[in-house]
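[1] I need the structure of the sequence given here:
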Amino acid sequence: MTHPHNHIGRAKNTIYAYGMAIFFILFSFLSVNAQMEPTVTSKIDTTKIRLGEQINYTLTVEADQLATVVFPEGQTFSPLEMIESYKVDTSFAEAKMTLIKKYGLTQFDSGSYKIPRQRVIIGDRTLQTDSFQVDVANVKLDTLTQGLYDIKPAIELPTDYSKFWKYLLWILPILVAIALFLFWLLRRHKKRIEAEKYIPPFEQALASLRQLDQTDFIVAAKYKEYYSTLTDTVRRYYEEKVYDKALESTTDELIARLEVEKDSGHIDFNPETIQQLKDIFKRADLVKFARINPPSGKAEADRLAIEQIVKETKEALPEPTIEELMKDQDFRESMERKRTRKLWLTGIAGVLGILLIGLITGIAIKGYDEVKDYLLGNQTRELVEGNWVTSEYGFPSIVISTPKVLERLETPIPDDLKGKMQANAFGWQTEPPAVTISVIQIILPKGTEPPVKEIIDGQIAELEKKGLIADLVKQEKFKTPNGAEGIKTFGTGKFMIDKEKNISISGEYAMLNFVAENIIQQVIITWDKDDTYSVEIAERVINSVELQKAETK
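    Residues are numbered from 1 along each chain as shown. Have a look, this model is predicted:
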């Protein structure tokens, strides 16, 4: 799908803007639950460690004695690694109980890390802890007694040739056909050059007469073929040196022309020579047209007479002038240029013909779309057939498979909402934007009920601001493969690219909304519904969405 270049930048903003409209919708619904029971507090014993040192992370829960408490387990502290989970220390006071749970954490890479908020389930409620920033410093090296070694070079991954053989099956036969055609063409051209190599008319006439001696025309009584070759030999000689229409003239016309040349003094012909030539031509006409065979031995005598006539004509002809010689040279060079031009035109036409045959054959076997994608490329098809990435985004995370890794997006929060909510956004899109994918996570204050209906309405309104003319809007329940339930809002419409030029594309969209306690998680996808591979990408992404399950004890 192709879009004007000056509108690509405008389309790229769509994946950044989907989550922004809901921020202002949420503000009017923020109401912090004032109840503090039960409570969860967390602390760490240090915010700075060296590589591999342990951080003691402590959770303190105050709750009713009858409440069931589930602490986080597993690697929920990522990017830090939990190396030990200690037993719970329990104490009771009146109707309340206090639970203290400790964890040992560490990190083996230097840098600044954030310990994410942890979820603690108390009865039918889920409470979250604060997050902590931790700095991990390198261990100082002893460069005096320890040897230093060069960093190992990067290892290049092997090229994936798994699909190369498919292309080779099409390319190789076409290349072989082109190579065989060019070989045949050049060989034929070389033979023609040899055959058309310039031989002076006199030498060519004598060579033709000697070749006639090698035939079996007389033995086989093929006098017509014999006299045709004999008279054509002298006619071609006269065509070149005496009369340029000798080949197409009748016998009487040719003899008349020779007499004119004699009388004008241009050529010093012997009258007996002209008469002898006339007799041979008349006899040849009788053989060819009346099928009267010559007397025995007459054919051989005529052959010797023609050779003598050619030799006498050569002696009678004046020496060629410099102008004639130059004209003859220009003619030969002109013919050579014509042959070369014809060779190129034939070669180009032949190669194009082979390519056309290959194209028609490919369309007949594989279909038009397959050949078009192979020759011109298809971005969305390459994405479908490429290696996909399955990643987690946010915390608790959304697991989703996409053609490329989603990039973190800037999510500016209005000043009025700072400190009251957190937002994370990730997105990616094709260029031009045939497919856009965004993942948004909003964390509200504890006890806040997310306004789901208003969020969905705000998303539709935001799409309309970006140029969507909705033809259809549907809503239904959605369930992920791992059992998480949400709401799917989807539909079709036209995405306006340029209102002034009235340029639009037919598209579809789907918005998945998941709400858990005070957390809103969203997956928003738009795609070109006229592109089969864009539709396949969208379906595959939607079917891959999973939500991180709550940890159980």
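
[2] Quick check: the gap between S296 and A221.
    Separation of S296 from A221 (CB to CB, to the nearest Å): 11 Å. Heads up, the C-betas are built off the backbone N, CA and C, glycines and all.

[3] ranges for the helices of this structure?
    Taking DSSP state H to define them, one finds helices in the chain at 8-12, 14-17, 20-27, 164-195, 201-213, 223-241, 251-264, 271-289, 298-316, 322-366, 368-376, 379-385, 452-465, 532-544.

[4] Would you confirm that N378 contacts E536?
    No. Between N378 and E536 there is no contact under CB atoms under 8 Å: 11.8 Å.

[5] For D252, grab the count of nearby residues.
    By the criterion of other CB atoms under 10 Å, D252 has 12 neighbours.

[6] coming back round to it: for the helices of the chain, which one sits closest to Q118?
    The minimum distance between Q118 and those falls on helix 20-27, with 23.7 Å, by CB to CB.

[7] looking only at pLDDT, what's the mean for that closest one?
    Per-residue pLDDT values across helix 20-27 average out to 48.

[8] re earlier: who's more crowded, N378 and E536?
    N378 (19 against 16).

[9] Which residues are in contact with the more buried one?
    Going by CB atoms under 8 Å, 6 or more residues apart in numbering, N378 touches 372, 533.

[10] how much space between it and V439?
    Distance of N378 to V439, given as CB to CB: 26 Å.

[11] Using PDB, write out every CA atom in stretch 363-378.
    Extracted C-alpha coordinates of stretch 363-378, given in PDB (Å, rounded to 0.1, in the frame of the first residue of the first chain):
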ATOM      1  CA  ILE A 363       1.900 -16.200 -13.400                       C
ATOM      2  CA  ALA A 364       0.300 -19.300 -14.900                       C
ATOM      3  CA  ILE A 365       1.900 -21.500 -12.300                       C
ATOM      4  CA  LYS A 366       2.000 -19.300  -9.200                       C
ATOM      5  CA  GLY A 367      -0.500 -16.600  -9.900                       C
ATOM      6  CA  TYR A 368      -0.200 -12.900 -10.400                       C
ATOM      7  CA  ASP A 369       0.100 -11.800  -6.700                       C
ATOM      8  CA  GLU A 370       2.900 -14.300  -6.100                       C
ATOM      9  CA  VAL A 371       5.000 -13.100  -9.000                       C
ATOM     10  CA  LYS A 372       4.300  -9.400  -8.200                       C
ATOM     11  CA  ASP A 373       5.500  -9.900  -4.600                       C
ATOM     12  CA  TYR A 374       8.600 -11.700  -5.800                       C
ATOM     13  CA  LEU A 375       9.600  -9.100  -8.300                       C
ATOM     14  CA  LEU A 376       8.500  -5.900  -6.600                       C
ATOM     15  CA  GLY A 377       8.700  -7.000  -3.000                       C
ATOM     16  CA  ASN A 378       5.900  -6.900  -0.400                       C
END
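
[12] can you pull the contacts of A434?
    Taking CB under 8 Å, 6+ apart, one finds 1, 379-380, 527-528, 531, 534 in contact with A434.

[13] May I see the buried residues of stretch 178-195?
    Going by neighbour count (16 or more other CB atoms under 10 Å), the buried part of stretch 178-195 is 178, 181, 189.

[14] Can you pull out the low-pLDDT segments for the stretch 451-553 of the chain?
    Where the stretch 451-553 of the chain drops to pLDDT under 70, the residues are 466-468, 470-472, 496-499, 503, 549-553.

[15] before we move on, the earlier item: quick one: closest of the helices of the chain to E500.
    helix 8-12 (12.5 Å).

[16] Report the mean confidence score over that closest one.
    Mean predicted lDDT for helix 8-12 stands at 42.

[17] what's the answer for stretch 214-223, then?
    On average, stretch 214-223 scores 88.

[18] Likewise for stretch 226-236?
    89.

[19] Quick one: residues in contact with that stretch.
    Contacts with stretch 226-236, where a contact means CB under 8 Å, 6+ apart, come from 201, 204-205, 208-209, 212, 215, 217-218, 246-247, 254, 277, 280-281, 283-284, 287-288, 299, 302-303, 306, 309-310.

[20] coming back round to it: can you redo the contacts of A434 as CSV with neighbour count?
    Formatted as CSV, these follow (neighbours: other CB atoms under 10 Å):
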residue, neighbour count
M1, 18
Q379, 18
T380, 22
W527, 26
D528, 23
D531, 22
S534, 24
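
[21] Tell me which two in those residues are the farthest apart.
    For the contacts of A434, the maximum inter-member distance is 12.6 Å, found between Q379 and W527 (CB to CB).

[22] What is the neighbour count of Q275?
    As a burial measure, Q275 scores 11 neighbours (other CB under 10 Å).

[23] Report the central residue of this protein.
    G377 (3.2 Å; CA atoms, centre = their mean).

[24] Quick check on that residue: phi, psi?
    Main-chain dihedrals, G377, degrees, to the nearest 10: phi 80, psi 150.
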